[in-house]
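Peer 1: Build the 3D model from these lines:
(3 chains)
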Amino acid sequence: MRRPIASVRLGRDFYTRADTLAVARELLGKRLVVPAEGGGRVSGRVVEVEAYLGAEDRAAHSFGGRRTRRTETMYAAGGTAYVFFVYGMHHQFNVVTGPAGRPHAVLVRAVEPEEGIESMRERRPVSKERELTSGPGKLCRALGIDLTFDGEDLTAGRRVWLEETRVVYKPDEVASGARIGVDYAGEDALRPWRFWVRGNEYVSRKG
DNA sequence: TCAGCGATTAACT
DNA sequence: GTTAATCGCTGAA
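Peer 2: Numbers count the residues shown, from 1 in each chain, chains lettered A, B, ... in the order given. This next block holds a predicted model:
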């Protein structure tokens, strides 16, 4: 009998802080949870993230203050889920940060599976466990996150949320570097706004 | 209205 | 290492 996992949801104050890079960094180690049918849970510990700094960040959908149906969610208050669809087949799960009206967000790029691994395997029939959640599109599939999750309040604990864990990564356990897949962003593509847990096998790429 | 492309993945060589 | 898959978003027409 395994000890039950404590479930203390992150509150609004965690997300609305002004320093998005700090929020991104501190999301490492937190648990991303999606309740399953029948009362179970599917969850994983965050091990890789990328920060997107809104109007000032050429790599962000909200660069220049762009407001469209897709990006509108980025302008919500910190603690809102921003989910979008890319490449015609993949969803990406982000956490909106900062106060309402400031379109910053943190993309969750990888998690280490904790609960509901069988459910993940049903959605993603892969041979290696590492393949379940080692990428932003993969983890959305594994957790069942799609566009209907866009705009969800992460502090309400309804369809998706983040929790505290006992894991706190020390500075030397965390690496940072350029974000993935944002070559179009000019100099902003080089900014070290990707953070990951050094040596964790679920991180999507080395570097 | 529509061409071009993307915060990716899997399956190739 | 390369590339097909696949469709919503964007911006120009």
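Peer 1: and the residue most central in space within chain A, what is it in contact with?
Peer 2: Central residue of chain A (C-alpha atoms, centre = their mean): A:V108, 2.1 Å from the mean position. For A:V108, the contacting residues are A:27, A:32, A:46, A:48-49, A:93-95, A:136, A:139, by C-beta atoms under 8 Å, 6 or more residues apart in numbering. Bear in mind the C-beta positions are built from the backbone N, C-alpha and C, glycine included.
Peer 1: one more time with 6 Å
Peer 2: A:46, A:49, A:93 (C-beta atoms under 6 Å, 6 or more residues apart in numbering).
Peer 1: Output the below-cut-off pLDDT ranges for chain A.
Peer 2: Scanning chain A for pLDDT under 70 picks out the ranges A:1-6, A:207.
Peer 1: Please enumerate the helices of it.
Peer 2: Along chain A, counting by DSSP state H, helices occupy A:12-15, A:20-27, A:117-123, A:136-143.
Peer 1: from the chain's centre, how far out does the third one sit?
Peer 2: In terms of C-alpha atoms, centre = their mean, to the nearest Å, the centre of helix A:117-123 is found 19 Å from the chain centre.
Peer 1: and that helix, what does it pack onto?
Peer 2: Helix A:117-123 makes packing contacts with helix A:136-143 when contacts are defined by 3 or more C-beta pairs under 6 Å, 6 or more residues apart in numbering; DSSP states H and E.
Peer 1: contacts for the helix it packs on?
Peer 2: A:34, A:42, A:90-93, A:109, A:111, A:120, A:123-124, A:132-133.
Peer 1: let's see 8 Å
Peer 2: Taking C-beta under 8 Å, 6+ apart as the rule, helix A:136-143 contacts A:32, A:34, A:42-44, A:83, A:86-87, A:89-93, A:107-111, A:113, A:120, A:123-124, A:131-133, A:145-146, A:160, A:204.
Peer 1: So which bits of chain A are right by DNA strand C?
Peer 2: Applying C-beta under 7 Å from any atom of the strand, we find that chain A lies next to DNA strand C at A:61, A:66, A:68-71, A:84-85, A:87-89.
Peer 1: what's the closest of those to A:D150?
Peer 2: Checking these against A:D150 by C-beta to C-beta gives A:F84 as the nearest, at 7.2 Å.
Peer 1: Report the contact partners of the closest one.
Peer 2: A:61, A:70, A:91-92, A:94, A:147, A:150.
Peer 1: Test my guess that A:L162 contacts A:R31.
Peer 2: Yes - the criterion here is C-beta atoms under 8 Å, and A:L162 meets it with A:R31 at 6.6 Å.
Peer 1: which of these two has more neighbours?
Peer 2: Comparing A:L162 with A:R31 by neighbour count (other C-beta atoms under 10 Å), the higher total belongs to A:R31, at 25 against 22.
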